[in-house]
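Student: Show me how the following folds:
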Amino acid sequence: MSDSTKMTHPTAATVERIEAGAETRQATTSPTNDTTPTPPGQAVKIADLLGHGQSAAVPLRHLKELAGLPGREVRRMIQAERLRGIPILSDNINGYYLAGDAQEREKFIKSMRGRAAEIVKVAEAVGRGTIGGEQVRTPEIF
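Tutor: Next up is the predicted model:
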């Protein structure tokens, strides 16, 4: 395969757009590969910065640059969009992406439910623990 036909990772174009828009600190991508920066003052939707499928995942560090926002705010926006039913998925390796198909979505849901169950187990165990040698029972939440 020649260099001119070599396939690049989906985020390669994203990085180029980030660099092009770095001076303005504006979002410079969309799922439609539009390279027009987001006008100042226009609300950014994280879903608009993502592609479909795990192969199109965008790392948090890139999303921060695209949105021109700190990581904490980007994660808050992702949570809010997810709660509105937008299927923003993630993995611990590649980053965030929109569900490409039902199988990806179901795998993510299973993972989140497993994480939630582990958190509840820890909370219950700590609730059964002692404080200063005294048993102090914490009311169950669930």
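
Student: For the rest of this, base every contact and every neighbour count on C-alpha atoms.
Tutor: Noted.

Student: which of the residues in the helix or strand harbouring Glu118 are buried?
Tutor: Here Glu118 is covered by helix 102-128, with elements defined by DSSP states H and E. Of all the residues in helix 102-128, those buried under the rule 16 or more other Cα atoms under 10 Å are Glu104, Arg105, Phe108, Glu124, Gly127.

Student: Please convert the residues you listed to CSV, extending it with distance to Arg76 and pLDDT.
Tutor: CSV is the format used below for the buried residues of helix 102-128 (distance: Cα to Cα, whole Å; pLDDT from 0 to 100):
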residue, distance to Arg76, pLDDT
Glu104, 22, 97
Arg105, 20, 97
Phe108, 18, 97
Glu124, 26, 91
Gly127, 28, 88
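
Student: closest to Leu69 among those?
Tutor: Phe108 (25.4 Å; Cα to Cα).

Student: Would you quantify the distance from that closest one to Gly114?
Tutor: Per Cα to Cα, to the nearest Å, Phe108 is found 10 Å from Gly114.

Student: Break the chain down into its domains, please.
Tutor: Following automatic domain parsing, one gets these domains for the chain: 3-100, 101-142.

Student: By mean pLDDT, show me the worst of those domains.
Tutor: Among those, domain 3-100 has the lowest mean pLDDT, at a mean of 75.

Student: Val74 touches Ile46, doesn't it?
Tutor: Yes. In terms of Cα atoms under 8 Å, Val74 counts as a neighbour of Ile46; the distance is 7.5 Å.

Student: neighbour-wise, which of those two wins?
Tutor: Ile46 (23 against 20; other Cα atoms under 10 Å).

Student: what's around Gly129, how many residues?
Tutor: Gly129 - counted by other Cα under 10 Å - has 15 other residues nearby.

Student: Please verify my assumption that it contacts Gln135.
Tutor: Yes. Using Cα under 8 Å, Gly129 makes contact with Gln135 at a distance of 6.5 Å.
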